[in-house]
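**Student:** with the input below, show me the fold.
(chains A and B)
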Amino acid sequence: MLRTVVRKPIFMATRKAKVVLFCLLILLGLALLFYGVFFHFTNVWAQQDDTTVFAKSEPALIKEVSIGGVTRDSSGSLKQTYTGQPPQACPT
Amino acid sequence: MVKKTQLSNLVAKLLPKRTWIQAAFLLVWLDPLALRLHNMCGPVFHCYACPLATFACPIGVIAQFTAIHIFPFVTIGFLIVIGVLFGSSLCGWVCPFGLLQDVAAKVPTPKFNLPKWTGHLRYVVLVGTVIAIPYFFGEGHLLFICRVCPAGALEKAVPDMVQQAITGKTIAWPNALKLTILVLFLVAIFFVKRPWCRILCPLGAIFSLFNRISAFFIRFNLDNCTNCLQCHKFCKYNIEPEKSPNDLRCIRCLECTRCNFDALNFASVCDRQQKNI
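**Tutor:** You can find the predicted model right below:
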């Protein structure tokens, strides 16, 4: 009976190696998540006013970018693209 | 003979209902409660501009964050966690865009296969339109992913155009490239199985990177294999499951686990079985 020989990379050969890599990546993912949710804040300037600045958390920034609400201007600062009510959806 | 696990038994029961399971997940992605949780990403390809989108699209978020030169810690961390747990299983069982393609594939039209190298184009799309172009040219560039994405075209632009036509307003047409890609996509889904997922999906490209190390994976039991090649017929995506059970091109529909000899099973790292390949 013919058997199909399946080659595998050596570093994948053991279940233990797979579990270790899995644990490391899970920890990395959770660390990035944790940092992003609780510690990552970015200053966003109001569209019209150069003195008003909001410190936005990353989840808030995610919501802003989903409506195209933030852009980086020529000076490198992050600015809101709207004043007052945010747009309903992303302009792209 | 390697015994079947509880997980593989469960998969065997659920497999005939895969399309229904995908449809059931629409209740999660299509925001039936109008929660609009766009400060969080969903793990599927679904445009956040769609009025029926519970979560933000992770690819759109990565591209937008790259355009403003901020590292998307939350999105990347989230995708790593999901990828390491499930690999591309979400593509096969949960993604609404995949469901659309699967339903279209049921239409009895001639089906064509894709050359294997086309699977690499997903990485070109990921690196090009999601990372490089946003980083160097910003979100205004024509090839910014959201400006060409068929999901956005289908889920936002087309409904908007229909609404504008009905209400008598001026119709805002999407750009020509987006429209062309949408039309090509809508034609392709009837003649190729999962063309977006196999050729262009950047989210699938990310998840597939974890296929070989994910907690849930397809286990090939060499002892059980009789080399009948039945799995080649079960797999609709031109993959040879017994040679590459956790292939990067695999969307983990798990059809190959229908193997009569239990040579291919859905397993987890918690399963204690010998000869894990």
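**Student:** please make it C-alpha for all contacts and neighbour counts, starting now.
**Tutor:** Will do.
**Student:** what is the burial count for the residue in the stretch 51-200 of chain B positioned nearest to chain A?
**Tutor:** Distances from the stretch 51-200 of chain B to chain A, computed as C-alpha to the nearest C-alpha, single out residue B:77 as the nearest residue at 4.0 Å. Other residues near residue B:77 come to 23 when the count uses other C-alpha atoms under 10 Å in any protein chain shown.
**Student:** nearest spatial neighbour of it, skipping sequence neighbours?
**Tutor:** In space, not counting the residues next to it along the chain, residue B:77 is nearest to residue A:29; the distance is 4.0 Å by C-alpha to C-alpha, 6 or more residues apart in numbering or on different chains.
**Student:** where does that neighbour sit, in terms of helix or strand?
**Tutor:** Taking DSSP states H and E as the definition, residue A:29 sits inside helix A:15-38.
**Student:** quick one: contacts of that helix?
**Tutor:** Identification of contacts with helix A:15-38 by C-alpha atoms under 8 Å, 6 or more residues apart in numbering or on different chains yields A:11-12, A:57-59, B:72-81, B:84, B:213-215, B:269, B:276.
**Student:** now do it, average pLDDT.
**Tutor:** In this model, helix A:15-38 has a mean pLDDT of 93.
**Student:** ok, the residue nearest to residue A:41 when sequence neighbours are not counted to residue B:190 distance?
**Tutor:** Setting aside the residues directly before and after it, residue A:41 is nearest to residue A:57 in space (C-alpha to C-alpha, 6+ apart), at 4.4 Å. If you measure residue A:57 against residue B:190 using C-alpha to C-alpha, to the nearest Å, the figure is 43 Å.
**Student:** which of those two has more neighbours?
**Tutor:** Per other C-alpha under 10 Å, whichever of residue A:57 and residue B:190 has more neighbours is residue B:190, with 22 against 17.
**Student:** what strand or helix carries the residue in the stretch 151-277 of chain B positioned nearest to chain A?
**Tutor:** Distances between the stretch 151-277 of chain B and chain A by C-alpha to the nearest C-alpha are smallest at residue B:243, namely 5.3 Å. Here residue B:243 sits in a region with no helix or strand, counting by DSSP H and E.
**Student:** quick revisit: which among the contacts of helix A:15-38 end up buried?
**Tutor:** Neighbour counting over the contacts of helix A:15-38 (16 or more other C-alpha atoms under 10 Å in any protein chain shown) leaves A:57-59, B:72-81, B:84, B:213-215, B:269, B:276 as the buried ones.
**Student:** among those residues, which lie within strands?
**Tutor:** Counted as lying in strands by DSSP state E, out of these, are residue A:57.
**Student:** so which of the buried ones among the contacts of helix A:15-38 belong to helices?
**Tutor:** Helix and strand membership here follows DSSP state H; of those, those in helices are A:58, A:59, B:73, B:74, B:75, B:76, B:77, B:78, B:79, B:80, B:81, B:84.
**Student:** tell me the one of those residues nearest residue B:132?
**Tutor:** The shortest approach to residue B:132 among those belongs to residue B:76, at 16.2 Å (C-alpha to C-alpha).
**Student:** so that closest one versus residue B:105, what's the distance?
**Tutor:** Between residue B:76 and residue B:105 the computed distance is 31 Å (C-alpha to C-alpha).
**Student:** buried set for stretch B:218-233?
**Tutor:** Applying a neighbour-count criterion of 16+ other C-alpha under 10 Å, the buried positions in stretch B:218-233 are B:218, B:219, B:220, B:221, B:222, B:224, B:225, B:230, B:231, B:232.
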